[in-house]
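>>> requesting a structural model of the entry that follows:
(one chain, ligands or ions: 1)
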Amino acid sequence: MFIHYRTQGIILKKVDRGEADQLFTIYTKDFGKLEILGKAIRKIKSKLRGGAEIFYLSEIEFIQGKTHKTLTDAILINNFKNLRKDLKRLAISYKISEVLDDLVREQEPDEKIWQLLLETFIKLNNLQLTTYNLIYYYFFWNLLSILGYQPELYNCSLCQKILFPEKLYFFPKEGGIICNNCYQKIKSEEKEIKEIEINTIKILRILLKRDWPILKKLKIDPKTQKSLKEISNFYFSYLHSILMI
Ligand SMILES: [Zn+2]
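Below you'll find the model as predicted:
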């Protein structure tokens, strides 16, 4: 007899396998990230189809076999239908799913990540933000914070002095922003440093405070938007390289 495990999950990925199977990557409330095989799920008669679609929140049930987990039930809770009506929202959903899949290990349950993921999908589905992209950065930076990589944004990560508006730099190895004075001392030896605008630092602070009343009203100019993107990609590459070792 197999034990049947039940939990809620958001389906992040699906890949076709064989004739009619699909392999799902699901972030679950009780077990963290899981890979679960949907057997014969591509057949029209499969009862699993109604609850196992990408970016669905579903109540799922699975069994643990010798080599893999098999999906035995999937009941839809929320299909986040606006994500599918809007290419921008859909693109952000894919980015969220990729970053989560990349930075989080399998079978490590984390209630905070689960809550953040759920909140992010609900907001992405419901909010009429002028810049949807902010929701991606909201997820990205708060995920890093939960994983223990929240950057220092108030004091220089090297000399500890309070930061003030001058030329400032993001130095992932030291875990945050550094002042111009410290930058001048180490720039010849350290390559993995990037200049960061004060406006970008301010946005990161608000994102990490999870302050939605302010976030909803933020108007971000294209220059800061570009800078936010560059810093996020820069930090992601750095973390990706250290986590892969
Ligand atoms: Zn300093």
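>>> quick one: distance of the longest helix seen in the chain to the chain centre.
What stands out as the longest helix in the chain, according to DSSP state H, is helix 222-244. Relative to its chain's centre, helix 222-244 lies at 13 Å (CA atoms, centre = their mean, to the nearest Å).
>>> residues contacting that helix, please?
99, 102-103, 131, 133, 137, 140-141, 144, 149, 151, 170, 172-173, 192, 194, 196-197, 199-200, 203-204, 220 (CB atoms under 8 Å, 6 or more residues apart in numbering). Backbone N, C-alpha and C define where each C-beta goes, glycine included.
>>> among those residues, which are in strands?
Within the contacts of helix 222-244, residues falling in strands by DSSP state E are 170, 194, 196.
>>> which among the residues you listed gets closest to the ion?
residue 170 (12.9 Å; CB to the ion).
>>> please look at that closest one and residue 192 and confirm they touch.
No: judged on CB atoms under 8 Å, residue 170 makes no contact with residue 192 at a distance of 9.4 Å.
>>> show me which of the two is the more surrounded one.
Counted by other CB atoms under 10 Å, residue 170 and residue 192 do not tie: residue 170 has more neighbours, with 24 against 13.
>>> from the ion, how far out is residue 114?
Look at residue 114 and the ion: by CB to the ion, to the nearest Å, they are 37 Å apart.
>>> wait, residue 105
The value you get for residue 105 to the ion, if CB to the ion is used, is 34 Å.
>>> ok, now which ones touch that residue?
Per CB under 8 Å, 6+ apart, neighbours of residue 105: 32, 33.
>>> where does the prediction get shaky in the protein?
For the chain, the stretches with pLDDT under 70 are 129-132, 245.
>>> output the longest strand belonging to the chain.
Max-length strand for the chain by DSSP E is strand 4-17.
>>> pull up the pairing partners for that one, direction included.
strand 21-28 (antiparallel), strand 57-64 (antiparallel) (DSSP bridges).
>>> near the ion, anything from stretch 143-160?
Yes: Stretch 143-160 lies within reach of the ion by CB under 5 Å from the ion, at 156, 158, 159.
>>> as CSV, these with distance to residue 115, neighbour count and secondary structure would be great.
Converted to CSV, those look like this (distance: CB to CB, whole Å; neighbours: other CB atoms under 10 Å; DSSP: H, G, I helix; E, B strand; the rest coil):
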residue, distance to residue 115, neighbour count, secondary structure
156, 32, 22, coil
158, 34, 18, coil
159, 36, 11, coil
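>>> in ChimeraX, how would I select just the buried ones from the contacts of helix 222-244?
Burial among the contacts of helix 222-244 is assessed by 16 or more other CB atoms under 10 Å; the matching ChimeraX selection reads:
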select :99,103,133,137,140,141,144,149,151,170,172,196,197,199,200,203,204,220
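>>> re earlier: out of the strands paired with strand 4-17, which comes closest to residue 181?
Of all the strands paired with strand 4-17, strand 21-28 sits nearest to residue 181, with 42.5 Å by CB to CB.
>>> picking up where we left off before, what's the closest of the strands paired with strand 4-17 to the ion?
Nearest to the ion among the strands paired with strand 4-17 is strand 21-28; the distance by CB to the ion comes to 38.1 Å.
>>> what packs against whichever helix or strand comes after the closest one?
Scanning forward in sequence from strand 21-28 by DSSP states H and E, the next helix or strand is strand 32-38. Strand 32-38 is packed against strand 4-17, strand 21-28, strand 57-64, strand 69-78, with contacts defined by 3 or more CB pairs under 8 Å, 6 or more residues apart in numbering; DSSP states H and E.
>>> quick one: distance of the first one to the chain centre.
This means strand 4-17. Centre-to-centre, strand 4-17 and its host chain are 17 Å apart (CA atoms, centre = their mean).
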